Every structure is written in C-alpha cells, then in structure tokens.
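J.: here is my input; please provide its structure:
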Amino acid sequence: MQELNFPSYAFRLKSSENKTLIFDIIRKKYVVLTPEEWVRQHVLRFLLEEKNYPASLIAVERQLKIHTRTKRTDIVVYNTQGTPEVLIECKAPSVKITQDAFDQIARYNLTAKASYLMVINGLVHYYYQIHTENKTYIFLNDILGY
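T.: All right, here's what the predicted structure looks like:
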C-alpha cells in the first residue's frame with residue numbers, strides 16, 4: 001500500500017481468499033484492505049495514538065438517515081455526552097479532494113451536527129470547525145486532541 005502523510009503504524013494484516021485483510025481496532029474485526037480502508041485505518045490510529053481519543057468514543061461506518069436515504073459516515077468521534085464532535089470522510093489516496101467531498105460531508109453533517117469536520121485522502125488533510133450560529137467555518141491546522 002501507498003505511504004501516507006501519517007506517522008508509521010504497525011497494522012495486523014492477513015490473507016483470505018486471495019484478499020488482504022487489515023484488523024480494524026475499533027470494529028474489532030478484519031476488513032478488506034482497500035486504498036480507502038488504508039486511509040481510514042491510519043486516521044483511526046492517528047486519533048488513538050497521537051490525539052489520545054479513547055476508542056470508546058469512536059465509531060466506524062455509522063449509519064445516518066439523510067432525508068429518506070441511509071448513508072454511512074467513515075468515522076465519527078463522539079464527546080462524553082454521546083454527541084458527534086468530529087465527522088471524518090476518508091477517500092483513497094488516488095482520489096483528489098474536491099468540492100464534492102466537502103459537499104458530501106456537509107450533507108452528512110446536516111444530521112450529525114458535529115462541530116468539527118475532516119476530509120482526508122491520506123496525503124492531504126482538511127480540518128475545519130463549523131459555526132452554526134453564523135453559518136461559517138474556519139479551517140484549522142490540525143485536529144484537536146482529546
């Protein structure tokens with residue numbers, strides 16, 4: 001897999017039916033290793049090991065209801081009250097981050113109502129804070145730690 005713009009982490013990998021699987025430490029199971037999953041697993045390790053978020057506050061592929069459609073967020077970080085605090089959209093490294101990605105996470109956030117959003121392809125990371133009162137956002141240099 002491609003090297004990403006993250007610290008180096010040791011992942012548990014295995015092969016099954018000609019596919020490479022990676023162990024997801026949040027879902028506690030092996031999942032198929034795709035380029036997007038490679039990014040998601042790096043983000044999870046970054047949140048746990050660099051930003052010190054407890055695993056109990058992180059959810060992977062959480063379902064959201066948007067109007068009549070069901071969608072899945074890549075990663076949601078909750079605060080201790082159980083409210084979404086950070087919503088994260090992961091893309092494969094080959095996917096350029098465009099307005100479409102920002103629109104996608106904004107649609108998800110209509111339901112989630114997180115204060116912070118992150119759009120990432122493993123090479124480029126965008127973090128921003130949402131101010132719902134004045135309907136603005138502020139790009140940040142880094143995601144906040146726990």
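
J.: how about the lowest-mean-pLDDT helix or strand in the chain: buried residues?
T.: The helix or strand of the chain with the lowest confidence, counting by mean pLDDT, DSSP states H and E, is strand 63-66 at a mean of 76. For strand 63-66, the neighbour count (16 or more other C-beta atoms under 10 Å) marks residue 64 as buried. Every C-beta, even on glycine, is put in place using the N, C-alpha and C of the backbone.

J.: tell me the helices and strands packed up against that strand.
T.: Strand 63-66 sits against strand 69-72, helix 99-112, with contacts defined as 3 or more C-beta pairs under 8 Å, 6 or more residues apart in numbering; DSSP states H and E.

J.: is residue 88 in a bridge, and if so with what?
T.: Beta bridges link residue 88 to residue 75, residue 118 when assigned by DSSP bridges.

J.: ok, it - how many residues close by?
T.: Neighbourhood size, residue 88 [other C-beta atoms under 10 Å]: 26.

J.: can you pull out the strands in this structure?
T.: Using DSSP state E, the strands of the chain run over 13-16, 19-24, 29-32, 58-60, 63-66, 69-72, 75-78, 84-90, 116-120, 125-131, 136-140.

J.: how about these in a markdown table, adding distance to residue 3?
T.: Output for the strands of the chain, formatted as a markdown table (distance: least, C-beta to C-beta, whole Å):
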| stretch | distance to residue 3 |
| --- | --- |
| strand 13-16 | 15 |
| strand 19-24 | 15 |
| strand 29-32 | 20 |
| strand 58-60 | 22 |
| strand 63-66 | 31 |
| strand 69-72 | 27 |
| strand 75-78 | 21 |
| strand 84-90 | 16 |
| strand 116-120 | 15 |
| strand 125-131 | 15 |
| strand 136-140 | 24 |
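
J.: out of those, which gets nearest to residue 146?
T.: Across these, residue 146 has its closest neighbour in strand 75-78 (8.7 Å, C-beta to C-beta).

J.: just the C-alphas of that closest one, formatted as PDB.
T.: Taking Å, rounded to 0.1, in the frame of the first residue of the first chain, the C-alpha atoms of strand 75-78 are listed here in PDB:
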ATOM      1  CA  ILE A  75     -15.600   7.900  11.200                       C
ATOM      2  CA  VAL A  76     -17.500   9.700  14.000                       C
ATOM      3  CA  VAL A  77     -15.800  10.900  17.200                       C
ATOM      4  CA  TYR A  78     -18.300  11.500  20.000                       C
END
